[in-house]
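Trainee: just coords:
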């Protein structure tokens, strides 16, 4: 950018398109790579091994886990921080604070860019290293798939064992189903009995005929 005013530079940085932001995510190469590829810096991608040069994690070297172009940050394996909830999340680091120690050459487009202007010997070395990296990536994928299958089998075996150890008793299930029915019957029968008793009490007794004595009749 030609302008030297900070506000214009910041405006361009935040409003730049993604293809420009992607180029800004570049880091310096290590000395041996600099001499080999005849380049000072290159854009960082997922899979590159990187060393942190500044900050509290200075000296940490590991693979790049994720590249966020929109936020202009890079996440590295093994570098985490805790958020407000207390959970651990990846700490974002700017590309200017990193140095590339090993390149990921599995991408053919990246290899073509690196091979521009280089000798045939270096091109052959790049291709050999790329083949080796591709084989390693395939082997790691196969190992991960096998590990997942083993974990799934172990979980299935544990579930079956738990079911066998704790079978549900049939007698208890029957009791649970029968008890509410008996209670309902008793509730229905009780008012009928009470009705019968009350009806028996309420019936009026028959009045006996009055007998007049003979002496009273004679006096009259």
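Mentor: Sure, I can see it. All values derive from a computational prediction rather than experimental measurement.

Trainee: pLDDT averaged over the lengthiest helix in the chain - what is it?
Mentor: Longest helix in the chain, counting residues (DSSP state H): helix 120-165. Across helix 120-165, pLDDT averages out at 89.

Trainee: and it, what does it pack onto?
Mentor: helix 108-115 (3 or more Cβ pairs under 8 Å, 6 or more residues apart in numbering; DSSP states H and E). No exception for glycine: its C-beta is placed from N, CA and C like everyone else's.

Trainee: Buried residues, the helix it packs on. List them.
Mentor: Under the neighbour-count criterion of 16 or more other Cβ atoms under 10 Å, helix 108-115 has 110-111, 114 buried.

Trainee: List just the nearest of those to residue 157.
Mentor: Using Cβ to Cβ, residue 110 is the member of the buried residues of helix 108-115 that sits closest to residue 157, with 44.5 Å.

Trainee: helix, strand or coil for the residue lying closest to the closest one once chain neighbours are set aside?
Mentor: The spatial neighbour of residue 110 that comes closest, neighbours along the chain excluded (Cβ to Cβ, 6 or more residues apart in numbering), is residue 45 at 7.1 Å. Under DSSP: H, G, I helix; E, B strand; the rest coil, the three-state class of residue 45 is coil.

Trainee: circling back: what angle separates the longest helix of the chain from helix 108-115?
Mentor: Using axes from the mean of the first three to the mean of the last three Cα atoms, to 10 degrees, one finds that helix 120-165 and helix 108-115 are set 150 degrees apart in direction.

Trainee: Residue 106 is in contact with the residue nearest to residue 110, correct?
Mentor: No: distance between residue 45 and residue 106: 9.5 Å, which falls outside the contact criterion (Cβ atoms under 8 Å).

Trainee: Show me what the lengthiest strand in the chain packs onto, helices and strands only.
Mentor: Ranked by residue count under DSSP state E, the longest strand found in the chain is strand 73-82. In this structure, strand 73-82 packs against strand 49-52, strand 61-68, strand 88-93, with contacts taken as 3+ Cβ pairs under 8 Å, 6+ apart.

Trainee: ok, now with 7 Å
Mentor: Packing partners of strand 73-82 (3 or more Cβ pairs under 7 Å, 6 or more residues apart in numbering; DSSP states H and E): strand 61-68, strand 88-93.

Trainee: JSON lines for those, including mean neighbour count, distance to residue 18 and mean pLDDT?
Mentor: As requested, the helices and strands packed on strand 73-82 are exported to JSON lines (neighbours: other Cβ atoms under 10 Å; distance: least, Cβ to Cβ, whole Å; pLDDT from 0 to 100):
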{"stretch": "strand 61-68", "mean neighbour count": "15", "distance to residue 18": "11", "mean pLDDT": "94"}
{"stretch": "strand 88-93", "mean neighbour count": "15", "distance to residue 18": "17", "mean pLDDT": "94"}
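
Trainee: Right, I'll call it a day here.
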